[in-house]
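[1] task: produce atomic coordinates for the following.
(one chain, ligands or ions: 1)
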Amino acid sequence: MATAKRASTLHIILRIKLQSAHQKAKTCNHSMSAAPIDPSWVVFSIFLLITAVSLIWLFWYPVWKIKRILKQPFPDHWLSIMKNNNVIYDKLPVALQSRLRNLVQLFIHQIHFYGTEGIEMNDEIRVTIATEACILILGRTIDDYAKIKTIIVYPSAYFTQEEDEHQNSVRLGESWHNGRVLLAWNDVLNNSQSIIAGHNVTLHEFAHQLDQEDGYSDGVPPLPSGIVDTWVKAFAHRFNELTELAEKHHHSFLNPYGATNPAEFFAVTTEAFFTEPFAFEKHYPKLFELMQGFYRLDPREWR
Ligand SMILES: [Zn+2]
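    Numbers count the residues shown, from 1 in each chain. Next up is the predicted model:
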């Protein structure tokens, strides 16, 4: 009897559940058939999704990537290399040393190094070159080097064929528009282990990269619009002056190679600004002021 009663109760419960489920199904079917999805909403939702993903890729991902790289501890042996090979490192204020280490980490992460003519790539070469290159952007950001893809390192000065000429010339470095920089390792090392007034091949080639950031090698890197006229006037005046001195084979404070064209003049000026800032400021006060504004640095403080 009790079993029959329990069975009857279960039967009632089951019926109620089945009716409820059926009702829900009916309700769902009803609502779906009553409000079909508008195709324009689907297109709009996809558009929103693509926009959100693009914004994340453009703004959030680069910041996240930089933070992730900088979370890695700076390797001890990299610091030893910097201290041994980059004489400028110990002269920098502590805040700039820290900034330089961060830039070197990002630089080595984003740029590929290759050795050629017997050079086997290693951390000493990578860290030494990255340190010299990043001195130029201590007051700027790693974005200035976003277009640089590859650094090719030769053991020493190398031969290259000049365009439109059938003869080879000797090179210590080159800087290309396609994001390639070529360097002679023994010159890089000589210039980084001791400061040579007016000469540093790594600073020279990476100054070309900064100049080329806007697509033109013309001695006028990307500048705030209010500065351009002053820059062009001041640099053109000094470039013409150096050209005249070079043509007459007269002595000049700047390397006469700067008279080759305005792009070389900017690169040579950069070498002087970082390697002999006091003398450069004395000879070219206006150019010093403009370079100080561009690099957002004062190398006179690093002595
Ligand atoms: Zn050059």
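[2] so where's the stretch 201-303 of the chain uncertain?
    For the stretch 201-303 of the chain, not a single residue meets the criterion pLDDT under 70.
[3] which parts of it sit against the ion?
    264, 267 (Cβ under 5 Å from the ion). For glycine as for every other residue, the C-beta is placed from the backbone atoms N, C-alpha and C.
[4] strands of the stretch 201-303 of the chain, start to end?
    According to DSSP state E, counting those that start in this stretch, the stretch 201-303 of the chain carries no segments that qualify as strands.
[5] pull the number of nearby residues for residue 147.
    Other residues near residue 147 number 13, with proximity taken as other Cβ atoms under 10 Å.
[6] ok, now which ones touch it?
    By Cβ atoms under 8 Å, 6 or more residues apart in numbering, residue 147 lies in contact with 179, 209, 212-213.
[7] so how far is the ion from it?
    When Cβ to the ion, to the nearest Å is applied, the distance between residue 147 and the ion equals 17 Å.
[8] numbering from 29 from now on, please.
    Will do, 29 is the new start, and the previous item becomes residue 175.
[9] quick one: that residue is in a helix?
    No: according to DSSP: H, G, I helix; E, B strand; the rest coil, residue 175 belongs to no helix; its state is coil.
[10] report pLDDT for residue 192.
    Listed pLDDT for residue 192 reads 62.
[11] just for the stretch 79-228 of the chain, where's the confidence low?
    Residues of the stretch 79-228 of the chain that meet the criterion pLDDT under 70 lie in 190-194.
[12] before we move on, back to that, export the contacts of residue 175 as JSON lines, with columns for neighbour count.
    Rendered in JSON lines, the data for the contacts of residue 175 read as follows (neighbours: other Cβ atoms under 10 Å):
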{"residue": "207", "neighbour count": "17"}
{"residue": "237", "neighbour count": "24"}
{"residue": "240", "neighbour count": "20"}
{"residue": "241", "neighbour count": "14"}
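[13] nearest to residue 113 among those residues?
    Proximity to residue 113 was ranked across the contacts of residue 175 by Cβ to Cβ; first place goes to residue 237, at 21.0 Å.
[14] go through the residues of the stretch 79-228 of the chain and report the one nearest to the ion.
    Residue nearest to the ion within the stretch 79-228 of the chain (Cβ to the ion): residue 203, separated by 6.6 Å.
[15] for that residue, list the residues it contacts.
    Going by Cβ under 8 Å, 6+ apart, the list of residues near residue 203 reads 209-210, 233-234, 236-237, 240.
[16] same list (the residues you listed) but as CSV, adding distance to residue 254.
    Converted to CSV, the contacts of residue 203 look like this (distance: Cβ to Cβ, whole Å):
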residue, distance to residue 254
209, 31
210, 35
233, 29
234, 26
236, 25
237, 24
240, 22
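[17] the ion: which of the residues you listed is nearest?
    Nearest to the ion, judged by Cβ to the ion, of those is residue 236 at 5.5 Å.
[18] ok, back up a step: need the max-distance pair from the contacts of residue 203.
    210 and 240 (14.4 Å).
[19] ok so, going back, for the residue of the stretch 79-228 of the chain closest to the ion, phi and psi?
    Here is the backbone geometry of residue 203 (degrees, to the nearest 10): phi -140, psi 120.
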